[in-house]
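>>> What would the 3D arrangement of this be:
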Amino acid sequence: MEQLHLPPHSRLGGTIKLPGSKSISNRTLLLAALSGGSTLVRDLLDSDDIRHMLGALKLLGVKIEQRGDSRDFRVHGADGSFPVKSAELFLGNAGTAFRPLTAALAVMGGNYQLSGVPRMHERPIGDLVDALSAAGAHIEYLGQPGFPPLAIAPADVHCARPIQVKGNVSSQFLTALLMALPLTGGQTEIEVVGELISKPYIEITLNLMAQFGIRVERQGWQRFVIPGGQHYISPGEVFVEGDASSASYFLAAGALAGGPVRVEGVGEASIQGDVRFAEALELMGVSIRRGANWIESSMQGKLKALDLDCNHIPDAAMTLAVLALGAEGTTTLRNIASWRVKETDRLSAMATELRKVGAIVEEGADYIRVTPPAALTSNAEIDTYDDHRMAMCFSLVSLLGAPLTINDPKCVAKTFPDYFQALASLRQ
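Sure thing, here's the model as predicted:
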């Protein structure tokens, strides 16, 4: 197994240009593929998850052209129906590709099989399949019921009645329905059963759908109405924002190692909810400055512990769990049950690895409580569980004076292949 040793570093500062957002990249690719006309997608993220979406769309007959060595791609839309009506799609561990493609393919008709890596086959999809099946879709489980892999057959999807979907497991199920249902042509209504988690990701979905010409009437967070007669229309050009979740590691680095550290690509104009990670840093005593397209962090003194409902920043909240190691007092992060159905069971994984560096950790069904030790354990070996965010989060421990080893560091390729080089560039 490959390992990366990180020596201690006490001072960081500088500027990082963020890679494109995974959530925006894969949503934009699918919407462009479903649209009438061609779309120039600018600054697309280069990562494993995006490659899986690109590969799947090409197999489905969508013409996509990369502009030289740039991250700009011309997507020639299929105008609501993919040309290829029978395909086997392998989507790795890319939930942002697997869930929306499941819904779109179930609605437009055709024979498809969707599969992924073993962990993808452990991530639940039953709530989405139930919602689609109730509307007439024909989807079969090829393994354990409620989980991928899936087989999709042609069906008449009708939306005479509201489609119900649970909101407390993954917001990607609602995103998938919102993006797919305009393809039916009729008016559709979606009712969310229970509390909707990760609401900012739904806001990303609605914002991008509007850019592609689809109007959705949101009634609170419980009902979404898509008027009939709408079609996806290319806006011509879409710029992908920098990834706000990835920004959290560098803003945290500024908090732990003095800074200032500036991230470029997200700022006050961002449509991503994870930019609110900066607000959590301010609660911990970090100095934050913002512009339209940048955020900067710096710190003097000791971090303050916090008690925070993290429903609005589920991915970036992982970074707070590691920041807790440098705070005075006990930090509690709440409403994070969604961590358990991500690339790994992140709640359990985070608790296990924090204990390796000496932290006192209480793990609940939907919360984690972290008390830092008097002194961090040096030279811990951190397991990453094939989860990019575990690797990136725990790299920050080296900024607290404790050398450590990251196992399987290349797992960051899922969203940020050059992460460790970017972090090293900030050393002073």
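
>>> give me every residue that touches the residue nearest to Gly37 when sequence neighbours are not counted.
Among residues not flanking Gly37 along the chain, Ser234 sits closest, at 3.5 Å (CB to CB, 6 or more residues apart in numbering). (Each C-beta comes from the backbone N, C-alpha and C, glycine too.) Ser234 makes contact with Ala32, Ser35, Gly36, Gly37, Ser38, Thr39, Gly77, Phe212, according to CB atoms under 8 Å, 6 or more residues apart in numbering.

>>> ok, now with 6 Å
Residues near Ser234 by CB atoms under 6 Å, 6 or more residues apart in numbering: Ser35, Gly37, Thr39, Gly77.

>>> Next, the buried residues of the helix or strand hosting Ile139.
Element membership for Ile139, per DSSP states H and E: strand 138-141. For strand 138-141, a neighbour-count test (16 or more other CB atoms under 10 Å) marks His138, Ile139 as buried.

>>> Run the chain-centre distance for it.
Centroid separation for strand 138-141 versus its chain: 26 Å, with CA atoms, centre = their mean, to the nearest Å.

>>> Can you give the strand pairings for that strand, parallel or anti for each?
Note on strand 138-141: by DSSP bridges, its sheet partners are strand 150-153 (antiparallel).

>>> contacts for the partner strand?
Leu105, Ala106, Asn111, Tyr112, Gln113, Leu114, His138, Ile139, Glu140, Leu142.

>>> what does stretch 16-30 give?
Contacting residues not belonging to stretch 16-30 are listed as 41, 43-45, 49-50, 53, 96-97, 100, 204, 208, 238, 240-243, 246-247, 250, 263-265, 415-416, 422 [CB under 6 Å, 6+ apart].

>>> what do you get for stretch 73-90?
Outside stretch 73-90, the residues within contact range by CB under 6 Å, 6+ apart are 32-33, 35-41, 44, 56, 59-66, 108, 110-115, 183, 234.

>>> do the same with stretch 242-254
With CB under 6 Å, 6+ apart as the contact definition, stretch 242-254 has outside contacts at 12, 16, 18-19, 21, 260-261, 263, 265-266, 272, 274-275, 277, 297-298, 315-316, 319, 323, 392, 396, 416.

>>> picking that back up, from the contacts of strand 150-153, pick the one nearest Gln222.
Proximity of the contacts of strand 150-153 to Gln222, judged by CB to CB, is greatest for Ala106, which lies at 23.3 Å.

>>> pLDDT score assigned to that closest one?
For Ala106, the pLDDT comes out at 98.

>>> what's the helix or strand for it?
Going by DSSP H and E, Ala106 is part of helix 95-108.

>>> What is the subsequent helix or strand relative to that helix?
Sequence order places strand 111-115 as the next helix or strand after helix 95-108, per DSSP H and E.

>>> coming back round to it: in strands only, show me the contacts of stretch 16-30.
Val41, Val238, Val263, Glu264 (DSSP state E).

>>> on that earlier part again, export the helix holding Ala106 to PDB, keeping only CA atoms.
Taking C-alpha atoms only, helix 95-108 is exported to PDB below (Å, rounded to 0.1, in the frame of the first residue of the first chain):
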ATOM      1  CA  GLY A  95     -22.900   9.200  -6.500                       C
ATOM      2  CA  THR A  96     -23.200  12.400  -8.400                       C
ATOM      3  CA  ALA A  97     -23.300  10.400 -11.600                       C
ATOM      4  CA  PHE A  98     -25.100   7.200 -10.500                       C
ATOM      5  CA  ARG A  99     -28.200   8.700  -8.900                       C
ATOM      6  CA  PRO A 100     -29.100  11.300 -11.600                       C
ATOM      7  CA  LEU A 101     -28.300   8.900 -14.400                       C
ATOM      8  CA  THR A 102     -30.600   6.300 -12.800                       C
ATOM      9  CA  ALA A 103     -33.500   8.700 -12.800                       C
ATOM     10  CA  ALA A 104     -32.900  10.100 -16.300                       C
ATOM     11  CA  LEU A 105     -32.500   6.700 -17.900                       C
ATOM     12  CA  ALA A 106     -35.600   5.400 -16.100                       C
ATOM     13  CA  VAL A 107     -37.700   8.200 -17.500                       C
ATOM     14  CA  MET A 108     -36.500   8.300 -21.100                       C
END
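
>>> how far off strand 111-115 does it point, in degrees?
Interaxial angle, helix 95-108 versus strand 111-115 (axes from the mean of the first three to the mean of the last three CA atoms, to 10 degrees): 160 degrees.

>>> Return the distance of the helix or strand harbouring Gly14 from the chain's centre.
In this assignment (DSSP H and E), Gly14 forms part of strand 12-17. Computed by CA atoms, centre = their mean, the chain-centroid distance of strand 12-17 equals 23 Å.
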